[in-house]
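*Asks:* curious how this folds, go ahead:
(chains A and B)
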Amino acid sequence: MNHWLTILTLVPFLGGLVIAGLGAERKNLIRGFALATSLIGLGGALCLWLHFDPKSGGLQFIEKFDWVASLGIQYFLGVDGLGLLMVLLTAIVTPLAILASWRMDDRPHVYHALLLWLQAGLFGTFTALNFFHWFLFWELGLIPAFFLIKLWGGPKRSPAATQFFIYTMVGSVALLLSFLAIRLATGSFDFIALAGMAKSGLLTTKLQAAFGWKNIGLIIFFGAFLGFAVKVPLIPFHTWLPAAYSEAPSPVTMLLTGVMSKMGVYGFLRILLPIFPEQIRAVLTPLLWLAVATIVLSACAAFAQRDLKRIIAYSSINHLGYCLLALFAATAVAAGVNSSDLQKAAALDGALLQMFNHGLTASALFLFVALLERRSGGLRGLDDFGGLRKIIPVFTGLMGISIFSSLGLPGLNGFVGEFLIFKGVFPLAPWAAAISTIGLLVTAIFLLTLIQRVFCGPLNERWAKMPDLTTAERFLVLPSIALMFVLGIWPQFILGAVDATVVKLVQQLNF
Amino acid sequence: MLAWTIYITFIGVLVLMLLPRDSARAARIVALLTSIAGCVVAFVGAISQANPGEVTPIVKVPWIPSIGANYYLAADGISLVLVVLTGLAAVSGILFSWNIEKRTKEFFAFYLALIGGVYGVFLSFDVLLLFVFYELTIIPKYFLIARWGSTRKEYGAMKLALYSFVGSHLVLIGLIAAWVVAKGQLGHASLDLIELSKVAFPVAFQHWVFPLVFVGFAILAGMWPFHTWAPTGHVAAPTAGSMLLAGVVMKLGAYGCLRVAMVMFPEGVRMWQGEIACLAVAGIVYGAGVALVQRDFKFVIGYSSVSHMGFVLLGLATLNTIGLDGAVLQMFSHGIIAGLLFGVVGRMVYDRTHTRDFNDLETMQLGKLLPFAGVTFVIAGIASMGLPGFSGFVAEFQVLMGAWMVFPKLTILSGVGILIGVAYTLRAVQKGFYSDAPPKPADHDHPLEPVSVPERFGAVMLIGASLVIGLFPGLLMNWIEPCFNSPLSMFARLLVKGGSQ
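*Replies:* Numbering: from 1, shown residues only, chains lettered A, B, ... in the order given. Prediction:
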């Protein structure tokens, strides 16, 4: 029996405890310790990556013990390609966020402890496979995020943090009630066992037998759906996001958008898709409409924003909309089983790749905004700048690369994921794919507008003395930029690891 | 051994009475030692009980043979859970009232008398004895509030006492009627709970007598709409008083409902099950909603108690194993968490700032002035809103699971109550400790006294208890579950056949 995943989750948790105990005075020690802890996490995640067998597609590094036997609660950890990818993303983004908050002086011990606890919550969410255990971490991640926004955020932080918390809790309570009902009907909290029951059609039968309602399956599905749809978010459950992302301090936003938003998509992939394929299929058309609306409307909303952080926030909603489009389309029943399997695999491959890419790119963009805010004294309006290209060429170049990655330029990482998604979705749900291309177009427009307003045009004299990226800052952004190129040119790096998992997921969906 | 919890506590009362008038320090120490001794005895006794599923007799001597009354103490798993809760609550309450200067020894004498009565109720298996202990608790709690309380204390104390008396009279009428009927059936007078739990009372009789006894006890459990004593009583009480009221006294009511009313009249429960569940959910939602709009910090916690006790009653109304398990666990969990919340608000905040009005607290930035109090309240709030990792989650989780089987629609409605619970807790955290309102120019030049060592001990003890049970619920579940699972137990008649697993 190995304990690698437990150790991985415990490291940031204990690191956070130690930092909280250090007191506010020893600032450098706190930062160094936080960084070291997050680097240990990164090292651990890389070790997992190296020892992971990409061909099996099943769960690896499994730990399974009874916890509360009478309630069917087990301590059950394990990762497949999907879980591993998310663990790696968490491990990459956290040290970047800690580095980005290097000059944070207000109660740094609490701040860094909360960051590390957030990381522990994320690691736990992506590795736990029993509902009780998983839900513990799902909620554990919420509390540090709330306080990071509430105590270190911008001027409207209180309402933003409250809105974020309440929205997420609405989803969580619905999710909890749904799973309690499932536990009653089936006697199990185990995601893997439940997926097996769903595949044989037993789950719906059992639910109907236990409750005696014909549509109980759908009701339970909607409860669980709400939990994840708020987290991703899917329009119309998204209204907490722009406020939370723009009020949170930028390093925290990196984690929120880079990793926390993936919790929702992960939930869809790990829980909803395998456990409720029948229900998703029954309401497929409305779900596809929601995904399309998310893609198109959020792109249009981003176009209308004047605040850099809000622009990127809305573009995040847009990018995750593609993931959900792919997910929903993958449940569609299309003519010609063999070819549709290929399409489904392509769509899901694309969705997984898009999750990783978006985590990388969006966190890099928020990092650049953080660096820009540091130079402008907190200003980040679209119209506050102009002509910065001449003053800070290196900054412009590197942020430009990230923007083009977000826009989906071939050769950079964003392209491959979106390409695969559209390749898969077109044959499965042609109309949805066709309408969604409007989103691609609008994204291109608003991102190019951003470049134009901030970096081109006449120079705003106020910023004539703005310093370019320092050497340290260049090193800080370097890993993200390098990965954007690597994944753009050689996506197989990720696809190789997740492919077997995706094939298995597609099999799960066919019955 | 467990009987010594009662004796030790009353010996403590005697010792306190014999102390000289002005020896406040000695009084505190005696009270603390007594409560610790009681707590240790409760723990050791509970752990050493070999079979928590069965009622293990402790003492049984004839008391008033002509009416069949015995001095009969015993314990099963449910008693064990609540006795341990009482021990923890007693110690932490004393730690949180270390600063009482006014007539210290009388305060602690009343305090310990209340605790002794509570231990007695949880260990009595004779209906009359249980009733005597139950009544015994009313007197000390009246004086604790009326003498050492704040904010309309006479009103709060009188209201609490009157509600308690009305409740116990309802109980008394019901029990006398039951005694008469049982005497006819058994052929001899009996007040033995176990014997009474086997008597088949006529169904029509159960239908009218059950609501009397149940409501009589449920008044003290804060059942809506008879809950109104709770918020005023909690607010008026001194810190330790509200900790005990919410922590253990409300549990007396819920315990009576389960141990006496439901066990004796199973047909009655089955008839009124739906109505009880409706009232319980009304309490959950109404209590939470009212807590959301309070200006007084203590009223928020007071109404939140009503809401959380609603989960206990909902669990009782499910009549299936998992719901009842959850109800008992929720009694424990709420006792710990509500005690902690009242400790923070009453002792750490009110005793220092002399205000509980959110409008004043908002301008004080207490999160920075009293970081320990802020963090404690946040943790207690997280536990209270039922996030996983704390005892509240496992308890509410089982209650809801049990309720799903019987009342699916009410279960969804109680989900709304949980959400409002999240909202009022967040509001209290924000307004009470981490407000954004501009700080008022300091009108109190003297800084707030830092959080003292006894308070820290008390807080850590309660947080620890909630965490341990949240992560390892099996520790208590091993005591609770056998009580409901065994076909020979006194609860066997109560459980719906085939409805539970």
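
*Asks:* what residues does the longest strand along chain B touch?
*Replies:* Looking across chain B with DSSP state E, the single longest strand is strand B:56-64. For strand B:56-64, contacts defined as C-beta atoms under 8 Å, 6 or more residues apart in numbering or on different chains pick out B:1-3, B:49-50, B:69-76, B:123, B:125-126, B:128-129. Yep, even glycine has a C-beta here, placed from its N, CA and C like the rest.

*Asks:* of the residues you listed, just the buried ones, PyMOL syntax please.
*Replies:* Of the contacts of strand B:56-64, the buried ones go into a single PyMOL selection, burial set by 16 or more other C-beta atoms under 10 Å in any protein chain shown:
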select buried, chain B and resi 2+3+49+69+70+72+73+74+75+76+123+125+126+128+129
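
*Asks:* which of the contacts of strand B:56-64 fall in helices?
*Replies:* B:3, B:123, B:128-129 (DSSP state H).

*Asks:* which SS state does the closest residue to chain A within chain B fall under?
*Replies:* Nearest residue of chain B to chain A, counting by C-beta to the nearest C-beta: B:Pro388, 4.1 Å away. Recorded secondary structure, B:Pro388: coil (DSSP: H, G, I helix; E, B strand; the rest coil).

*Asks:* secondary structure class for A:Phe132?
*Replies:* helix.

*Asks:* over to B:Pro225?
*Replies:* B:Pro225 - assigned by three-state DSSP - is coil.

*Asks:* report the separation between B:Tyr142 and B:Ser489.
*Replies:* 36 Å (C-beta to C-beta, to the nearest Å).

*Asks:* go on, B:Leu476?
*Replies:* 17 Å.

*Asks:* distance of A:Gly153 relative to chain B?
*Replies:* Per C-beta to the nearest C-beta, to the nearest Å, A:Gly153 is found 10 Å from chain B.

*Asks:* swap in A:Ile445?
*Replies:* Distance from A:Ile445 to chain B, by C-beta to the nearest C-beta: 37 Å.

*Asks:* can you give me the neighbour number for that residue?
*Replies:* 14 (other C-beta atoms under 10 Å in any protein chain shown).

*Asks:* could I get the ones in helices among the contacts of strand B:56-64 as JSON lines with distance to B:Gly38 and pLDDT?
*Replies:* JSON lines is the format used below for the ones in helices among the contacts of strand B:56-64 (distance: C-beta to C-beta, whole Å; pLDDT from 0 to 100):
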{"residue": "B:Ala3", "distance to B:Gly38": "11", "pLDDT": "89"}
{"residue": "B:Leu123", "distance to B:Gly38": "12", "pLDDT": "93"}
{"residue": "B:Leu128", "distance to B:Gly38": "24", "pLDDT": "92"}
{"residue": "B:Leu129", "distance to B:Gly38": "19", "pLDDT": "93"}
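
*Asks:* for those, give me a markdown table that also has distance to chain A.
*Replies:* Listed next are the ones in helices among the contacts of strand B:56-64 as a markdown table, based on distance: C-beta to the nearest C-beta, whole Å:
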| residue | distance to chain A |
| --- | --- |
| B:Ala3 | 30 |
| B:Leu123 | 26 |
| B:Leu128 | 36 |
| B:Leu129 | 33 |
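
*Asks:* for chain B, give me its nearest residue in chain A.
*Replies:* A:Leu136 (4.1 Å).

*Asks:* interface residues of the stretch 51-200 of chain A facing chain B?
*Replies:* A:68-71, A:132, A:135-136, A:139-140, A:143, A:147, A:150-151, A:157-158, A:162, A:165-166, A:169-170, A:173-174, A:176-177, A:180-181, A:183-184, A:187 (C-beta under 8 Å from any C-beta of the partner chain).

*Asks:* thanks a lot, see you next time.
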